[in-house]
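Peer 1: Prediction below, plus the sequence it came from.
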Amino acid sequence: MSHSRLDPPRGVFTLPTPCDLNNAFWEPVKTNDHFVLQRTKGSKNAILRGVLGTIQNVFDTKQPPFRLLFRSDVNTLALQIAVSQTEKGIEDAWSWATDNLQVGLGKLDDPTERENYVVTKINSLVTRQDKGTDEVSEDESVRSASRAFRQTFDVSPTERLVNFYSCAYYKSITNQGWMYISENYLCFYSFLLGIETKLLIELRDIRDLVKEKSKRGMISDSIKVITKDGQEYFFTNLFHRDETYDLLVQLTSLSVQRLLKNATPESTPGMSLYENNFEQSTDSNNNDKNKKDLTISISKDNTEDDVPRSPMLPPLIKGLEVQKRDSEFQAIFALPASEHLVEECNAIFSMPDKNESHSGKIRLSETYLTFMSNDGEYSLVLPLSTIRRVEKLQSRIYAFALSVLTWHQMKLIFQLGGAKGQSEQLCNSLKINLKKQVRYMKVLKSFLNTCYSEALLVDPNKDASNGGLGLTFGFPPDVKNRDKRKLKLWTDYFKDNGRNLTLIKSTKFAKLTRFGLPNKLRGEIWELCSGAMYLRYTNNGLYEKLHEDNVGKVSLSTEEIEKDLNRSLPEYPAYQTPEGIDTLRRVLTAYSWKDPELGYCQAMNIVASALLIYMSEEQTFWTLSILCDRMLPGYYSTSMYGAILDQMIFEQFVEKTMAILYEHFKNADIQLSVACLPWFLTILKINAKELLEVTDDGAFIHVLKSYFATLDQPAYPKSRELRDVNKFTELMTIAYRDFSAITDEKVAELRKTEQLKVVHNIESFTKRSQIRNLKNTSKFTKDNLSIIYDKFYTAQFYGSQKSTRTDSRMDLNTFYQFMGSVASWAKMDDGELTNGEDVRDRHGRRIVGHQFIIKLFTHFDKSNNGGISLQDAVVGLAGILFTDMMGTIELFFKLHDVDQDGNLSKEEVLQMGESLLFICREREDDGHLGSVSNFIRRAFEYADVKSEESVFNSSLQTPAAIPSPTSAPDLLLSLPSFRMVVLADEYLEHFFDHGFASSINLSEPVEERSKGLSREIFNALFAEGKNLAEKGAEESEELLNEKMDGNGTHDSNEFINDRARDRSSSIGDGDDENLLDEFDKLLNSMEINVLVSVFPVADLDAGQSSNGPSENEHDLDKLLAGM
Amino acid sequence: MASRKKVLLKVIILGDSGVGKTSLMNQYVNKKFTNQYKATIGADFLTKEVMVDDRLVTMQIWDTAGQERFQSLGVAFYRGADCCVLVYDVNNAKSFETLDSWRDEFLIQASPRDSDNFPFVVLGNKIDIEESRRVVTQKRAMSWCQSKGNVPYFETSAKEAINVEQAFQTIAKNALQQETDLELYSDFPDPIKIDSDLNRYDGCNC
Ligand SMILES: Nc1nc2c(ncn2[C@@H]2O[C@H](COP(=O)(O)OP(=O)(O)OP(=O)(O)O)[C@@H](O)[C@H]2O)c(=O)[nH]1
Ligand SMILES: [Mg+2]
């Protein structure tokens, strides 16, 4: 046999990187014509190695001690093609390279061609192996850091490194080293004077991130990380401290979002109770809310969505930057989450008939053109579909200007101030995007008909055709009755500044708003300012469709809504009529269908009932969406984390701005959170005097309640000139005057860091209540359940990045992870599970029989909807753990009786064999092979007898076992026969009696993330396994050759050998696989009869006895103990 | 009793949404029933002064939101409760079945000193509704109460004011018992005088 049949060793090859051949740090181990194997000088000498390591460590990513170079003759440089921590690893690379490349190289004369040959080969190798990881990043430094990161820490192969920083980890002494930040981890590595320091923190465990000053001195270059178990980690000497901090905040908040998603109770309250398909009829573009932000999207040119991604990925950090920029952009202009910032350019804005101009920025997204002045006081958002004409004008100052004519006949001039290329690019993108607006242009006219501002400008006395209940049932009275005057002011404003979709917001707009909105326009202005108008415009018809698609459906949410309809705003006349109630019902149910995970939360009824007075149903629906998704994210979710979060932030603001009050609350142990939901800072301030006298929660609320009850009364009854000022006006004034520093952005920023603390509290609450709500928990203890819960959600957490499910059920891939965490035989490398067909273990060996897990998945999935809930998992595991031998046998039978005909067919028996091999594959010796092969032989034997005479069946009576005429020649093994076959073998008997059940491990997971010593052991094991594998491969190859010589006999012994070889050898290049396929085909087409008769029973028995059943048993115990 | 201080009793009402917690509290405090109450958001409270065993005590009655998700919202005010009232609707089986988890969660969050003997009272509400709609029998409810350490049980109607007064008398009594027990452990801070005129305020529409 030759090595060329082996897969190239994984994890050692690097993209070819030029380097110095003769470097003072390296010494050659061996060389040939083309390759050099080197090791770091003194890798044998501990002290020297320590020093060198330190130097390397400080100046660069730590270089592994071994490397393989290709000697390029083109220049003096060599190409590094592989690196490794171990001699073994580099030797493998050497062997592979010499075996596979040497011949090709020998045929090439031209040195440049030779170099190209090697580069291409290695490149394709690395790209193939590391698909989706940063080893193929465009960025050279990211590439090597990523490799170092992966070699140092035991993380999933698909884990992407985001960035790395030189920094020091302070723990009694300062360790200078590297901080690696990946999607899910914060890692630190240093290697100093022979001492290795390794640290791996899961981002989801981080509870707090604090910017700090360095321990000594005043330099602000440190970050403190606190995890949920209270551990503190201090990182210092960070040159880009703020950048590092921002990155960590961004990444942790992504992981928190995922945690929260997982921490929601299992039921999806808004989901129809009588239907199990999860497909949502509303998968249109606005429903990406749940998906959005949960994964890191790679920046992409939005014009070429469907161009396949090149294997070279942009560094992940860029993707994160883009994501951040986009969400800022969306927030400033209240745009939907589907909008991305495409172009951006400095510009001066003016209108021909107005004598003012504003300098600021013009921005372009897929569907909108926006402008905002530098001081933020002048802004506009223009849906591209409302643009009638664009012209390029010559500009006096700049390259050129754009003249834009809007639907409402306003001419807007933008002098583009960017570099020439930038301006051109903006124009081009604008042109491209304008062409895509046809579908919106089609609905523009009818949309405008639903805006009252349109009617108002035509005829101020005309009533709105589309508006709230207030039009019929009256608006709450305005004491001063300034509605007419307000309406006039707004009409004037609209004339000059456009309206609805084309409205320009100036300082005057802000003043008018504060002065008060006229009742008839209130809905429209709310809708516009919140951004709900854009959603309604671009999702034309969706509201009606939601109703059509869900007509007559009932869910937990619809029941809750029903209960609250009359408890919303009962004092308003509309809600004393069936029409009014029906309007409210329609809005709330539509929302529960749109976002079934949130469903319905009490309080939404009150908000919606108030909105409906001023807005149409559809307007209310979209405004409610904005409120739930964007303005109060998480407030109404099933965990209400948003509300909890804001309570915390509120407390922080109180502490910062009103320290005395805060102290007082703290001393009296008053929880601000009890009441802060509806009240804000100003109110506390105004009432500070009274509040300082308060000493318990109840009295605290009392002060606030009495304040609210008197809001409309004069604030300064004794003062003459301030007589008109009522408490509400006072409130507004103080709010704007004293707390102007507290902006939305500031709140948003704080939400990001504070949520880390919140999420862990929520998690523990959800955990308790979910565990309490579990049914049929069998003999599981509370601790057991707690562990199952943790493992379930840990798998969900790391799986949800890839999962396609929107509910909290597990998909198949995640189930693989979950099972891997409860049973060692199910543990596999997750990077390879993409197609479910070809699964390989860490060493690149193909794993046979893993389909067993798919069978379990289907079995666990009681409700048959393609997903496993926590409840399913608990019941499923109980079915394995708390059953007797007969139960386990039956379970295995059922799992493999795919067609559920009560019999195992030939194929099903073979699959059973594979499953058993799979579960036992971690065994060190091959004892179980005999038993499994025995099993198959016996199964075939008994089945054979049965299909002819049914001897066993008649005595053991299984009615289902009657073979159908068509499958007569096929093998059919009934459950009783299966039982008998199994019990005939002691090994299998033990396996079914307790072996399988005890392979399920419900103890706390061992911390195995940082590769330390264990890695050494692991490597040694690997080396040993490899030797074995090679031997096994040799043997089976001989067998195979015999077969191929053409005598055409096959037996189950070979089947075993074949599988065994699969399992233990590092095969996998194309030829070999073909051969295997061939072999499989042969095996499948062979006649059972032939097989049974030719089967060398004696041989097998001999082999069996040499292994000895008692020995087997012994080994089995050993094996199981190790699980 | 050493001191004759005026006592503040803290009572928490729990139970599924719609079982009638708000209505019961208002019936007791304000002696009226209307169907104009809003669904409770978060929590709210009313106070009432009552005579229990010749002592004037102030009852601070906390009404909570019944929807499940509100439970995660921090239930800080559970702390220091003197009695917990569990309410279900006799015409709704689920509202009865969830009593267990209301009770558990209360004990976890409030963590009273002696959770085995903490006073609970169970109310089966809406008995005014026609008998044929009733799904939870008195017997079933009583046996549950028995199993939780002889919890007092009342069948009430907030609408018809049946048994409401009696139930709250028992609640006050048991709460006071708990309170005096507590006094043995710690000095209770001076109670606050609360003006009960403002009690009728029922939320703002902001
Ligand atoms: N027939 C009848 N109806 C009642 C009774 N008590 C309450 N209701 C009605 O039941 C509905 C719910 O009552 P609430 O008091 O608001 O319920 P709650 O328990 O406070 O509900 P949440 O605030 O959502 O937790 C209202 O429509 C009440 O009018 C009763 O004793 N008899
Ligand atoms: Mg209520």
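Peer 2: Sure thing, it's come through. Ligands and ions are numbered 1, 2, ... in the order given.
Peer 1: quick one: the helices in chain B?
Peer 2: Secondary structure of chain B (DSSP state H): helices at B:21-30, B:93-97, B:99-110, B:138-147, B:164-183.
Peer 1: Of the ones you listed, which is nearest ligand 2?
Peer 2: helix B:21-30 (3.2 Å; C-beta to the ion). (Each C-beta comes from the backbone N, C-alpha and C, glycine too.)
Peer 1: what about the closest one, near ligand 1?
Peer 2: Yes. Looking at helix B:21-30 against ligand 1 by C-beta under 6 Å from any ligand atom, the contacts come from B:Lys21, B:Thr22, B:Ser23.
Peer 1: same thing with stretch B:44-57?
Peer 2: No. Applying C-beta under 6 Å from any ligand atom, one finds stretch B:44-57 separated from ligand 1 by no less than 8.9 Å.
Peer 1: sorry, back to before: let's see if you can find the most crowded of the residues of helix B:21-30 next to ligand 1.
Peer 2: B:Lys21 (27 neighbours; other C-beta atoms under 10 Å in any protein chain shown).
Peer 1: Surely that one is in contact with B:Thr64?
Peer 2: Yes. Checked against C-beta atoms under 8 Å, the pair B:Lys21 and B:Thr64 is within contact range at 7.1 Å.
Peer 1: intersection of neighbour lists for these two?
Peer 2: Taking C-beta atoms under 8 Å, 6 or more residues apart in numbering or on different chains as the contact rule, B:Lys21 and B:Thr64 both touch B:Ile13, B:Leu14, B:Thr40.
Peer 1: tell me, which of these make contact with ligand 2?
Peer 2: B:Thr40 (C-beta under 5 Å from the ion).
Peer 1: Identify, from the residues of helix B:21-30 next to ligand 1, the entry nearest to A:Leu535.
Peer 2: Checking the residues of helix B:21-30 next to ligand 1 against A:Leu535 with C-beta to C-beta, the nearest one is B:Thr22 at 34.7 Å.
Peer 1: And for that closest one, nearest residue in space, chain neighbours not counted?
Peer 2: Counting by C-beta to C-beta, 6 or more residues apart in numbering or on different chains, B:Thr22 lies nearest to B:Tyr37, which is 4.9 Å off, once chain neighbours are set aside.
Peer 1: What of A:Cys345?
Peer 2: Using C-beta to C-beta, 6+ apart, the closest residue to A:Cys345 is A:Gly418 (4.0 Å).
Peer 1: So which bits of the helix or strand hosting A:Leu457 are buried?
Peer 2: A:Leu457 belongs to helix A:452-458 when assigned by DSSP states H and E. Buried residues in helix A:452-458, defined by neighbour count with 16 or more other C-beta atoms under 10 Å in any protein chain shown: A:Tyr452, A:Ser453, A:Glu454, A:Ala455, A:Leu456.
Peer 1: Could you dump the residues you listed into a markdown table with pLDDT added?
Peer 2: Below are the buried residues of helix A:452-458 laid out as a markdown table (pLDDT from 0 to 100):
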| residue | pLDDT |
| --- | --- |
| A:Tyr452 | 89 |
| A:Ser453 | 89 |
| A:Glu454 | 87 |
| A:Ala455 | 85 |
| A:Leu456 | 85 |
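Peer 1: Also within reach of ligand 2: list those from those residues.
Peer 2: Counting by C-beta under 5 Å from the ion, no member of the buried residues of helix A:452-458 is near ligand 2.
Peer 1: got a list of what A:Ser166 touches?
Peer 2: A:Val58, A:Gln176, A:Gly177, A:Trp178, A:Met179, A:Asn237, A:Phe239.
Peer 1: at 7 Å instead, please
Peer 2: A:Trp178, A:Phe239 (C-beta atoms under 7 Å, 6 or more residues apart in numbering or on different chains).
Peer 1: For chain B, which segments count as strands?
Peer 2: For chain B, applying DSSP state E gives strands covering B:7-14, B:43-52, B:55-64, B:83-89, B:120-125, B:153-155.
Peer 1: does any part of the second one sit near ligand 2?
Peer 2: So that's strand B:43-52. No. Strand B:43-52 does not reach ligand 2 (C-beta under 5 Å from the ion); its nearest approach is 7.8 Å.
Peer 1: Can you list the strands that that strand pairs with?
Peer 2: Its sheet considered, strand B:43-52 pairs with strand B:55-64 (antiparallel) by DSSP bridges.
Peer 1: The fifth one too?
Peer 2: Each strand paired with strand B:120-125, and its direction, by DSSP bridges: strand B:83-89 (parallel), strand B:153-155 (parallel).
Peer 1: contacting residues around it?
Peer 2: B:19-20, B:24, B:83-90, B:99, B:103, B:136, B:141, B:145, B:148, B:151-158, B:167, B:170-171, B:174.
Peer 1: give the contact list for A:Leu238.
Peer 2: A:Leu238 touches A:Tyr165, A:Cys167, A:Asp221, A:Ser222, A:Ile223, A:Thr244, counting by C-beta under 7 Å, 6+ apart.
Peer 1: now, which of those residues sits nearest ligand 1?
Peer 2: A:Ile223 (44.1 Å; C-beta to the nearest ligand atom).
Peer 1: Alongside ligand 2, which residues does chain B contribute?
Peer 2: B:Lys21, B:Thr22, B:Thr40.
Peer 1: 6 Å instead, please
Peer 2: Residues of chain B found near ligand 2 (C-beta under 6 Å from the ion) are B:Lys21, B:Thr22, B:Thr40, B:Asp63.
Peer 1: Please tell me how far the second one sits from A:Asn540.
Peer 2: Yep, that's B:Thr22 we're talking about. 41 Å (C-beta to C-beta, to the nearest Å).
Peer 1: How about the secondary structure of A:Lys361?
Peer 2: Here A:Lys361 is recorded as strand under DSSP: H, G, I helix; E, B strand; the rest coil.
Peer 1: wait, it sits on A:Met372?
Peer 2: Yes. At 6.1 Å, A:Lys361 and A:Met372 qualify as touching, with contact defined as C-beta atoms under 7 Å.
Peer 1: Comparing these two, which shows the higher neighbour count?
Peer 2: Higher neighbour count among A:Lys361 and A:Met372: A:Met372, with 20 against 17, using other C-beta under 10 Å.
Peer 1: Please state the backbone phi and psi of the more buried one?
Peer 2: When quoted as degrees, to the nearest 10, the phi and psi of A:Met372 stand at phi -140, psi 130.
Peer 1: I figured it was touching A:Ser379, is that so?
Peer 2: Yes. Between A:Met372 and A:Ser379 there is a contact under C-beta under 7 Å: 4.2 Å.
Peer 1: Can you check the pLDDT for A:Val118?
Peer 2: On pLDDT, A:Val118 comes in at 80.
Peer 1: for A:Ala1020, same thing?
Peer 2: 39.
Peer 1: can you check A:Lys1031 too?
Peer 2: The model's pLDDT for A:Lys1031 equals 49.
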